[in-house]
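**Q** give me a model of this one.
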Amino acid sequence: MTDVGPGLDAAWDALNAESFYTGGPWLRAFAERGGMHPHVAWSDDGSAAALAYDARTDATNPRYTHAWLYEDALRAPVGAFTLLGGCSGYAGHLPAVPGASPASRRAPVRALLDALGHDAALLPHLTGEEAADVVAAGVLPGRPVPVLGMVTAAIDLRGMSTPEDHLASLSRTSRSGVRRDLRRIEASGVRVTTSGLAEVVDEVAPLLGQVQAHHGHDGSAEGAAAYLRLCAHGDLARHAFAVVARLDGEAVAFALGYRWGSGVAMRVSGLRYDVAAATGAYFATYFYEPVRIALEAGCTWVDLGGEALESKTRRGAHLVPRWALSVGADVDPAAAREVTRARLADLHAQVGDRADQARLDAWDAWHARLAGTSPSPAR
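**A** Below is the predicted model:
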């Protein structure tokens, strides 16, 4: 077992080529400047690896804890635990080459669990396919208890070359909405540019501060600027870009994204609430310009994160269920199934027919598959 360091750069990044939040630039920046120190273990043949944090429930992003993910299904509090697969971006991952053996995939996970020594472990925010693979390969000890942790949004750009291709792929209703957005942006006089993040930190930090304050967090420009500098620390600067919308020369909205592998991961946005809605600046910076950037770079996906799902799906994003697996904690499996079902009901209330009943039923069946209570590979 080793800390993430320069000696692992090439091998680790090759194994995480499509997983930004478990890639070396992100991990090193947040270890060096953010105090988040991960541990990595490898299989002997180098075909698989695992990432873990020595975590505490009271000092971790709530959405990466048993308490938040399992709600009432958690029968006893969890203090210290092993957090596997990353702790940022709601995109967990245990990297392995295609065809890696179950034994090779198990070895690094078991090494981390033994080294950190906690009774409880949590592997959150996996895609359904990866969660099913982890369960089938017996990567975690015992029988993991699954739960639908949250749902994120993404744009699939496979087979597309231009924003017009993306527009043509949408439903008639979504195309009409996007065209209205684009007309509003054009009529508003907003001008959108893209640059490296480091070049605009001081200009856009107050916008991020407004969003942070809106959500009940520290809204100071100084705090926002410190966070944005962290997001461009070291090798992250090569991958980070900032999309800024200006009206009469003044920044009114911005979005931070990262180019990684064959995709784009959007991170945070900032805006002036009194201007951004009327001008369409939010979607200009967080949605339409990133799509253009991704297509020009030959990318095939854009990760839009887990907020504002209704407005994102109306503009052509699809929903991505993110599953958590718990071992060693006192979790009631039947109650965890009910947590999943409650979240599916909440999702339908948020996005309506964009999460139709057939899809919700398939995700409910996926929970059963992960729990080992369904004989069929329902999707």
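
**Q** now do the domain split for the chain, please.
**A** 2-151+321-371, 158-299 (automatic domain parsing).

**Q** would you reformat these as TSV and include mean pLDDT?
**A** Converted to TSV, the domains of the chain look like this (pLDDT from 0 to 100):
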stretch	mean pLDDT
domain 2-151+321-371	94
domain 158-299	97
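
**Q** quick one, what contacts Ala317?
**A** Ala153, Ala154, Ile155, Leu304, Leu309 (C-beta atoms under 8 Å, 6 or more residues apart in numbering). Heads up, the C-betas are built off the backbone N, CA and C, glycines and all.

**Q** mind listing what's buried along the helix or strand where Leu83 lies?
**A** Here Leu83, judged by DSSP states H and E, is contained in strand 80-84. For strand 80-84, the neighbour count (16 or more other C-beta atoms under 10 Å) marks Phe81, Thr82, Leu83, Leu84 as buried.

**Q** do you know how far the last one is from Ala245?
**A** Right, Leu84. 38 Å (C-beta to C-beta, to the nearest Å).

**Q** can you check the second one too?
**A** Separation of Thr82 from Ala245 (C-beta to C-beta) stands at 42 Å.

**Q** tell me which stretches of the stretch 151-300 of the chain form strands.
**A** For the stretch 151-300 of the chain, the strands defined by DSSP state E, counting those that start in this stretch cover 191-195, 240-247, 250-260, 263-271.

**Q** mean neighbour count and distance to Val201 added to those strands, as JSON lines?
**A** Putting those into JSON lines (neighbours: other C-beta atoms under 10 Å; distance: least, C-beta to C-beta, whole Å) gives the following:
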{"stretch": "strand 191-195", "mean neighbour count": "15", "distance to Val201": "11"}
{"stretch": "strand 240-247", "mean neighbour count": "23", "distance to Val201": "8"}
{"stretch": "strand 250-260", "mean neighbour count": "24", "distance to Val201": "10"}
{"stretch": "strand 263-271", "mean neighbour count": "23", "distance to Val201": "11"}
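
**Q** so which of these is nearest Gly46?
**A** strand 250-260 (21.6 Å; C-beta to C-beta).

**Q** helices or strands next to the closest one in the packing?
**A** Taking 3 or more C-beta pairs under 8 Å, 6 or more residues apart in numbering; DSSP states H and E as contact, the helices and strands that strand 250-260 lies on are helix 201-214, helix 236-239, strand 240-247, strand 263-271, helix 273-279, helix 281-283, helix 289-296.

**Q** so which of these is nearest Asp346?
**A** Of all the helices and strands packed on strand 250-260, helix 201-214 comes closest under C-beta to C-beta, at 21.3 Å.

**Q** not counting its neighbours along the chain, what's nearest the residue sitting furthest away from the middle of the chain?
**A** Distance from the C-alpha centroid of the chain, by C-alpha atoms, centre = their mean, peaks at Asp248 (33.8 Å). Take Asp248 and drop its neighbours on the chain: the residue closest to it by C-beta to C-beta, 6 or more residues apart in numbering is Gly189, 7.4 Å away.

**Q** mind naming the longest helix for the chain?
**A** helix 333-351 (DSSP state H).

**Q** between helix 333-351 and the helix or strand just after that helix, find me the angle.
**A** Going down the chain from helix 333-351, the next helix or strand is helix 357-371, by DSSP H and E. Interaxial angle of helix 357-371 relative to helix 333-351 (axes from the mean of the first three to the mean of the last three C-alpha atoms, to 10 degrees): 150 degrees.

**Q** got CSV for the strands of the stretch 151-300 of the chain, with distance to Gly316 too?
**A** Formatted as CSV, these follow (distance: least, C-beta to C-beta, whole Å):
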stretch, distance to Gly316
strand 191-195, 19
strand 240-247, 18
strand 250-260, 17
strand 263-271, 14
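
**Q** buried stuff in stretch 286-305?
**A** Here stretch 286-305 shows 286-291, 293-295, 299-305 as buried, counting by 16+ other C-beta under 10 Å.

**Q** hmm, who's touching that stretch?
**A** Counting by C-beta under 8 Å, 6+ apart, residues outside stretch 286-305 touching it are 20, 89-91, 152-158, 160-163, 165-166, 178, 181-182, 185, 192, 194, 241, 243, 253, 255, 257, 259, 262-267, 269, 312, 315, 317.

**Q** and what of stretch 107-115?
**A** 1, 39-44, 48-50, 52, 82, 84, 94, 121, 139-141.

**Q** quick one, which of the residues you listed are buried?
**A** Buried among the contacts of stretch 107-115 (16+ other C-beta under 10 Å): 39-43, 48-50, 52, 82, 84, 94, 121, 139-140.

**Q** tell me the strands beside the strand holding Leu83, with direction?
**A** strand 49-56 (antiparallel), strand 121-126 (parallel) (DSSP bridges).

**Q** give the next helix or strand downstream of it.
**A** helix 102-116.

**Q** that following helix vs strand 80-84, what angle?
**A** Counting by the same axes, to 10 degrees, helix 102-116 lies at 150 degrees to strand 80-84.

**Q** next one: Asp274 from Gly263, what distance?
**A** Relative to Gly263, Asp274 is positioned 33 Å away (C-beta to C-beta).

**Q** what's the burial count for the closest residue to Gly328 other than its chain neighbours?
**A** Spatial nearest neighbour of Gly328, excluding adjacent residues (C-beta to C-beta, 6+ apart): Ala120 at 4.0 Å. Residues lying near Ala120 (other C-beta atoms under 10 Å) number 20.

**Q** surely Ala120 and Leu83 touch.
**A** No - the criterion here is C-beta atoms under 8 Å, and Ala120 misses it with Leu83 at 9.8 Å.

**Q** for stretch 227-242, buried residues please.
**A** 227-229, 231-233, 235-237, 239-242.

**Q** before we move on, what about stretch 358-374?
**A** Arg359, Leu360, Trp363, Asp364, Ala365, Trp366, His367, Ala368, Arg369, Leu370, Ala371.
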